[in-house]
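K.L.:
missing the sequence, but the structure's below:
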């Protein structure tokens with residue numbers, strides 16, 4: 001995290017390489033352009049049918065102005081220059097068990113620059129250190145080796161493999177379940193607990 005001269009955080013959501021912020025209506029064109037990336041759609045969910053810019057504007061306006069639903073949150077990932085480089089959101093947040101899930105995506109031209117790992121770490125820090133969650137899991141499509149490598153590098157453990165649960169490009173793939181506990185996170189990222197996070 002960036003610090004001021006007193007060693008205090010200037011912005012909890014500002015890392016070394018990225019900043020997380022809320023969605024703005026002006027993001028519509030970025031979403032519209034991003035939705036043309038068919039491979040991204042396959043890795044996240046499915047191959048999206050073509051959509052209009054007007055629909056993107058309506059959805060973005062709604063997202064930008066609605067109140068968050070519990071701990072299910074969504075952020076735009078910006079680089080140091082303020083460019084929209086990706087998205088990260090939390091879902092299936094269960095305060096009773098202290099478990100949650102998330103999804104992250106980085107635009108193709110900004111991949112492999114460390115943006116996803118830093119954005120994930122910022123969100124995990126918030127959920128583990130501020131909201132008292134104790135476990136995170138993430139679904140990874142078996143045809144996405146880059147996501148597998150990312151999560152294993154971050155210290156996630158492969159907890160399950162559900163066979164033939166993903167269908168894309170005429171083929172079935174396994175769905176991989178990766179998990180990380182709060183204790184594992186603190187051990188791997190001690191500077192993320194109670195102090196400034198270094199990227």
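P.N.:
Structure's in. What do you need? Source: prediction; values computed, not measured.
K.L.:
ok, then the element right after the helix or strand of the chain with the lowest mean pLDDT?
P.N.:
Using mean pLDDT, DSSP states H and E, helix 38-44 stands out as the lowest-scoring helix or strand of the chain, at a mean of 73. Scanning forward in sequence from helix 38-44 by DSSP states H and E, the next helix or strand is helix 53-65.
K.L.:
mind listing what's buried in that next one?
P.N.:
By 16 or more other CB atoms under 10 Å, the buried positions in helix 53-65 come out as 56-57, 60, 63. Every residue, glycine included, has its C-beta placed from N, CA and C.
K.L.:
I'd like to know which elements that helix is packed against.
P.N.:
If you count contacts as 3 or more CB pairs under 8 Å, 6 or more residues apart in numbering; DSSP states H and E, helix 53-65 packs onto helix 28-34.
K.L.:
show me which residues of the helix it packs on are buried.
P.N.:
Here helix 28-34 shows 28, 30-32, 34 as buried, counting by 16+ other CB under 10 Å.
K.L.:
sorry, back to before: not counting its own residues, what contacts the least confident helix or strand of the chain?
P.N.:
34-35, 47-48, 103, 105, 107-108, 141, 143-144, 147, 168-169 (CB atoms under 8 Å, 6 or more residues apart in numbering).
K.L.:
can you flag the buried ones in those residues?
P.N.:
Neighbour counting by 16+ other CB under 10 Å classes 34-35, 105, 107, 141, 143-144, 147, 168 among the contacts of helix 38-44 as buried.
K.L.:
please name the residues that touch residue 165.
P.N.:
By CB under 8 Å, 6+ apart, the neighbours of residue 165 are 172-175.
K.L.:
closest to residue 22 among those?
P.N.:
Of all the contacts of residue 165, residue 22 sits closest to residue 175, with 29.9 Å by CB to CB.
K.L.:
tell me which of the contacts of helix 38-44 fall in helices.
P.N.:
In helices, defined here by DSSP state H, the members of the contacts of helix 38-44 are 34, 147.
K.L.:
just send the contacts of helix 38-44 back as CSV, with distance to residue 90 and pLDDT too.
P.N.:
Formatted as CSV, the contacts of helix 38-44 follow (distance: CB to CB, whole Å; pLDDT from 0 to 100):
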residue, distance to residue 90, pLDDT
34, 20, 83
35, 21, 82
47, 24, 76
48, 21, 76
103, 8, 96
105, 14, 93
107, 20, 92
108, 23, 89
141, 19, 94
143, 24, 92
144, 19, 92
147, 17, 95
168, 24, 86
169, 28, 86
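K.L.:
hmm, which two among the contacts of residue 165 are most spread apart?
P.N.:
Greatest spacing in these, by CB to CB: 172 and 175 (10.1 Å).
K.L.:
pLDDT weak spots in the protein?
P.N.:
Counting by pLDDT under 70, the ranges of the chain that qualify are 1-9, 192-199.
K.L.:
and if we set it to 50?
P.N.:
Filtered on pLDDT under 50, the chain yields the residue ranges 1-8, 195-199.
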